[in-house]
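In: No letters, just coordinates:
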């Protein structure tokens, strides 16, 4: 996949605006878009992704993105941290998307908000995407790790 994302704007739990370009300033990031703060499979995926980051299996920054506003970001942060050994590691922001879910291609189908895992490089190019209407299909650690390994692999010389 080689689509580019617009410079999405997110909101942190304090109500401050955060630009995607700022998140990507230090390198690629894994963005996990949750369906809702109350979605058990989404929260479980977020916890697994945070655990993979903490264990060093996922090296790029991890960003958890929930629809809604600052209040929903705070709820997700609390719910993920409460069941993650040691809480959220430094540098794992939980942000609210407002309309960014739709702008990232994660709209609604039959009233259900899509969720998904995206790997985005500093030019905002989507290097990997796994999205689904059913949240249990929006995160696959094996596929993500393979995509990240491919991202880090050197380009073959001509």
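Out: Looks like it came in fine. Every value quoted in this text rests on a predicted model; they were computed, and no experiment measured them.
In: what's the average pLDDT for stretch 105-124?
Out: Per-residue pLDDT over stretch 105-124 has a mean of 85.
In: can you give me the end-to-end distance of that stretch?
Out: Separation of the first and last residues of stretch 105-124 by Cα to Cα, to the nearest Å is 14 Å.
In: buried sites along that stretch?
Out: Across stretch 105-124, burial judged by 16 or more other Cβ atoms under 10 Å covers 105, 106, 113, 114, 115, 116, 117, 118, 119, 120, 121, 124. In short, each C-beta sits where N, CA and C put it, glycine included.
In: quick one: the second one from residue 69, how far?
Out: Pointing back at residue 106 there. As judged by Cβ to Cβ, to the nearest Å, residue 106 and residue 69 stand 17 Å apart.
In: Tell me how many other residues crowd the residue lying closest to residue 45 once chain neighbours are set aside.
Out: Excluding its sequence neighbours, the residue lying closest to residue 45 (Cβ to Cβ, 6 or more residues apart in numbering) is residue 139, at 3.8 Å. Residue 139 sits with 23 neighbouring residues when counted by other Cβ atoms under 10 Å.
In: Now do the same for residue 139: its pLDDT.
Out: Per-residue pLDDT puts residue 139 at 88.
In: Next, residue 150: phi, psi?
Out: Dihedral pair for residue 150: phi -70, psi -30, per degrees, to the nearest 10.
In: Then residue 148?
Out: The phi/psi pair for residue 148 (degrees, to the nearest 10) is phi -70, psi -40.
In: Can you verify my assumption that it contacts residue 59?
Out: Yes: with contacts counted by Cβ atoms under 8 Å, residue 148 reaches residue 59, the gap being 7.0 Å.
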